[in-house]
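Q: next come a sequence and a model predicted from it.
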Amino acid sequence: MITTRETINYQFSLIFGYQSPNENNISVGDIISPGMLSERLIKELSIDVIKYFSQYNAMLRDYTGSELFFVEFELNNISFKKSLTSIYPKSMILVPGNYKECESLMLALKPERGYLNIHKSNNAINNISELFFEVEEFANRPELNEKERELLFERFASRFSKKLYGSLIENKWNKKLVGISESLPTEKDYLNQYGKLQAEIDILWHKSPKEIQLNSLKFEDIKEPFEGKTALEHIKFNLPTPTSGFVAEKTLKLGSNLLNLANIGTIDTFQEKIINIIIDKINKEKLEPIEDAKSENWIVSTIDDFISEFNRKIKEYFDLFEKYLISGVKGTLDYILQEFNEYIKEHHKDPNNLIYELHEIADEFIKHIFLKKENVIANDLRSAYNYFSELINQDIQVLTSNLPKYLKTRHLKRKTRVLINNLKSQFAQEEQPVKDLAHNYIEKFHEFILKNIKDFPLLYSQGREFNEKHLSNEFFSSIKENLSDFIESIRINGKDIISITELEIDDGDNIISNYLHKLKRLPEEIHFLLSYILRYSTINRFLKDTNTNEISDPVSFSTKFHRFLEKRLSGISLICKSYILDWIMEYGKIFLNEKDEKKWTLNDIYIDFITYLEEKDEATKKANTFFDLIDTILSKEANENEKNRLLQFLDIYSYYKSITEEFPRYLKSQILNEISQLNHESEHTTPLRYISKNGEEDFFNYIRENELKYFSPLIPIPKTLILKTNLNNEEKQQFKGDLYQVLEFNLMGENKLILNVQDNFKEIFREWIKEL
């Protein structure tokens, strides 16, 4: 960015998309962002936003019985230094709209959070959808060919995006009085909380787009806010807490993907070309000819010398600018630029063509930003050339400031690769089962190190020279200090043990091999089936379709739900299907012989049953419980001829289960040993290998990801997710308005996330209906 105005412009970005399943089957969009993007990239980014939205909405329909109404992400700045010197948007919103079968959406980044009247913005997108539908109908004319229709759609996409952008920056959708509640169905005063969960988030900084994982989910019981028949009706429409957790995971992923697309939209293609040309010249002129091994400090010194020479040449070039601008040449813009090309060739001799290549970019740049095409005087281009001059100066600053950081990052990544390879070599000498188990967790340790590199303070220390040995020593000392956190995160599960047990089975033993193939899929199958049972399209459908008067206790509930699931699961071929159905029956058997005369409500049963399934799911992840699970399933499936072989398998499984309990401590000792032997000296290699791509991130892509993408320091954390429940005509009669599920996210500290699940059921449910 060159000017303060540009910095402010980065506070607002907008991507608009429209798709229609009608005859034209169109997907079209537009982007308003501070970046200078090609038409091809604008189209690709718009379509990608539509794709992510469609996938997310399809998940919501199945798991929650609703569709996205609104979502807002809080944009947290992870770079302390940049937070002091740069201005960033604080909010990212996604607002969908629809008309008939057509859908529109707006993805927008803005400077403040929480001031939006959500329903106004949603109505605006709905209106745009209707207008675009009318455009689509108009375009179905025989005199328009396919190319003309496409151009028409693109023009209207641009027009509608500008309309939305204007409403956004003029605060037309903002609440009238900030801090004062309006009579909106999604306002806090109209909501009741019925669910809560806590989790920890883990941000994988080193990945692109950054991944945000949800770990250690804990579900909390919340007292049902309703009683009697109202409570009974409420559970037919609410979200089970595990389903809310699944939605939270998908929302984190959605936010990461959407911000990545918006981030691409901040790239200035001219700046990108300039930096690419300069780095290419550095490689060819200064690094390629040198075949001797050199240090990182030599690279910094050599590139600094090149930049000094480049600054001299570029000054000569802009001096020619100045002389040409006062020459008085007149004509069309194309004529003025052509004359300047001839002037440059005549007065500036550059045997390496760097200035000529930059001048071609300047030519393209001026044609892009200079609107006047006729009756141009050379001096009219002064402001455009001054801007281009500042753009080059800024690019030089970006190159020189990022070079030490890039080399330090590269140095640590290479040392990490050496450490990981040494660990793999060490475990290659172990017995096969331990070797295979170690490989999986060494890869996880690799991820752990890469995540820590991104945030290591010494990467950002001042100065052009650096001590590679000191850098490496300090970094791996910090890894040792935090190693216990990684080791404690290791959880040896049943699938891991089956994988190493499999190595003890003869290749020709088809009986065991077939079972092992099934058993390794068991954890994923159980998780899938439990999510299938607890999604809206299953358990809520059961509650709606069942005569609830016939359910008086957990026994009658489990019997009826078992019958319901048998039909639903009949088309699913999974090894654990019958086991899951047994869980349903076992739930009822727990209460079969209870002597106390507890009076159960369906709501009590529902909450207790959800808790029961959560505990079962968690238990299957533990090796001991997984052993019992395998024992039960095999006893059901195996015939008499197979049982002896399967019992031998269980003995082997039990043996390795006891061994693997010691594995984390053993892995820790090996890691500490390898770190202590790691050579921290600087790696001397040929200069070109430092900068050019060689199986790792090169210097240009490092700058592109960390500097040219302006939003790179931002992490999107969901703040408010609003879902609109899909009600059929009969269900609509039960409510006075639309039913909304509101998920409020609160980030406590650095990584603790609390999710509160609420709805406006109480405000819109027709109480008298329950008496009918």
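A: Received the coordinates, thanks. Everything quoted here is computed from the prediction, not taken from an experiment. Numbers count the residues shown, from 1 in each chain.
Q: residue 29: what secondary structure?
A: strand (DSSP: H, G, I helix; E, B strand; the rest coil).
Q: hang on, it packs against residue 48?
A: No: with contact defined as Cβ atoms under 8 Å, residue 29 does not reach residue 48; the gap is 9.4 Å. Bear in mind the C-beta positions are built from the backbone N, C-alpha and C, glycine included.
Q: neighbour count for those two, which is higher?
A: Shown here are residue 29 and residue 48; by other Cβ atoms under 10 Å, residue 29 has more neighbours (28 against 18).
Q: what about the closest residue to the more buried one other than its chain neighbours, which helix or strand?
A: The shortest distance from residue 29 to any non-neighbouring residue, by Cβ to Cβ, 6 or more residues apart in numbering, is to residue 46 (2.4 Å). If you go by DSSP states H and E, residue 46 is part of helix 39-64.
Q: that older thread, hmm, the residue nearest to residue 29 is touching residue 30, no?
A: Yes: the pair residue 46 and residue 30 qualifies as a contact (Cβ under 8 Å) at a distance of 6.5 Å.
Q: any shared contact partners between these two?
A: 15, 16, 157 (Cβ atoms under 8 Å, 6 or more residues apart in numbering).
Q: starting at the chain centroid, how far to whichever helix or strand the first one is part of?
A: Put plainly, it is residue 15. Here residue 15 is covered by strand 13-19, with elements defined by DSSP H and E. Distance of strand 13-19 from its chain centroid, counting by Cα atoms, centre = their mean, to the nearest Å, is 18 Å.
Q: let's have the chain start at 11 instead
A: I'll keep to 11 as the first residue from here, and by that count the last item is strand 23-29.
Q: average pLDDT for it?
A: The average pLDDT within strand 23-29 is 90.
Q: list the helices and strands that strand packs on?
A: strand 37-42, helix 49-74, strand 112-120, helix 128-149, helix 156-179, helix 251-274 (3 or more Cβ pairs under 8 Å, 6 or more residues apart in numbering; DSSP states H and E).
Q: which SS class is residue 211?
A: From three-state DSSP, the assignment for residue 211 is strand.
Q: residues contacting it?
A: Contacts of residue 211 (Cβ under 8 Å, 6+ apart): 222, 223, 224, 225, 262, 727, 757, 761, 762, 763.
Q: care to break this structure down by domain?
A: As recorded under automatic domain parsing, the domains making up the chain are 14-198+248-275+727-756, 278-502+671-718, 505-670.
Q: where among those domains is the average confidence lowest?
A: domain 505-670 (a mean of 76).
Q: what about the nearest residue to residue 66 once chain neighbours are set aside, how many neighbours?
A: Spatially, and ignoring its direct neighbours in sequence, residue 66 is nearest to residue 264 (5.1 Å; Cβ to Cβ, 6+ apart). By the criterion of other Cβ under 10 Å, residue 264 has 22 neighbours.
Q: check the one 10 residues further on too.
A: The tally of other residues near residue 274 (other Cβ under 10 Å) stands at 21.
Q: that one and residue 721 touch, don't they?
A: No: using Cβ under 8 Å, residue 274 is not in contact with residue 721, being 9.4 Å away.
Q: what packs against the longest helix anywhere in the chain?
A: When the chain is parsed with DSSP state H, its longest helix is helix 392-437. When contacts are defined as 3+ Cβ pairs under 8 Å, 6+ apart, helix 392-437 sits against helix 279-292, helix 306-335, helix 364-379, helix 442-463, helix 478-491, helix 673-686, helix 709-713.
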